[in-house]
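No letters, just coordinates:
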């Protein structure tokens, strides 16, 4: 039973985008291991508060990520 954790900064992705991630990650595991994996594949999306995630010693906010996405 695979368990996949996806950690995101809160407020960056919409509910529909998160559902799309869950579906595509599940589909990727099914493609590798076969359809029998679909029913036993767990995908968790965990969101961290904006600023509670850092890169290079600097807290990263949802706005920082949105700016990077649009570049």
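Okay, I see it. The shown structure was predicted, so the numbers you read here are calculated from the model rather than taken from an experiment. Residues are numbered from 1 along each chain as shown.

going forward, measure contacts between C-alpha atoms and count neighbours the same way
Noted.

Toward the C-terminus from the helix or strand containing residue 47, list the very next helix or strand.
For residue 47, the host element (DSSP states H and E) is strand 42-48. Once the chain leaves strand 42-48, the next helix or strand it forms, by DSSP H and E, is strand 53-55.

roughly how far out does stretch 51-69 sit from the chain middle?
In terms of CA atoms, centre = their mean, to the nearest Å, the centre of stretch 51-69 is set 15 Å apart from its chain centre.

mind listing what's buried in it?
53, 60-62, 65 (16 or more other CA atoms under 10 Å).

Could you give the average pLDDT over that stretch?
What stretch 51-69 shows for mean pLDDT is 89.

So what touches that stretch?
Residues outside stretch 51-69 that contact it (CA atoms under 8 Å, 6 or more residues apart in numbering) are 9-12, 50.

Just the buried ones from those residues, in ChimeraX syntax?
ChimeraX command restricting the contacts of stretch 51-69 to the buried ones, with burial defined by 16+ other CA under 10 Å:
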select :9,10,11,12,50
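
Narrow the contacts of stretch 51-69 to those in strands?
residue 9 (DSSP state E).

would a markdown table of the contacts of stretch 51-69 with distance to residue 18 be doable?
A markdown table is the format used below for the contacts of stretch 51-69 (distance: CA to CA, whole Å):
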| residue | distance to residue 18 |
| --- | --- |
| 9 | 12 |
| 10 | 11 |
| 11 | 11 |
| 12 | 10 |
| 50 | 17 |
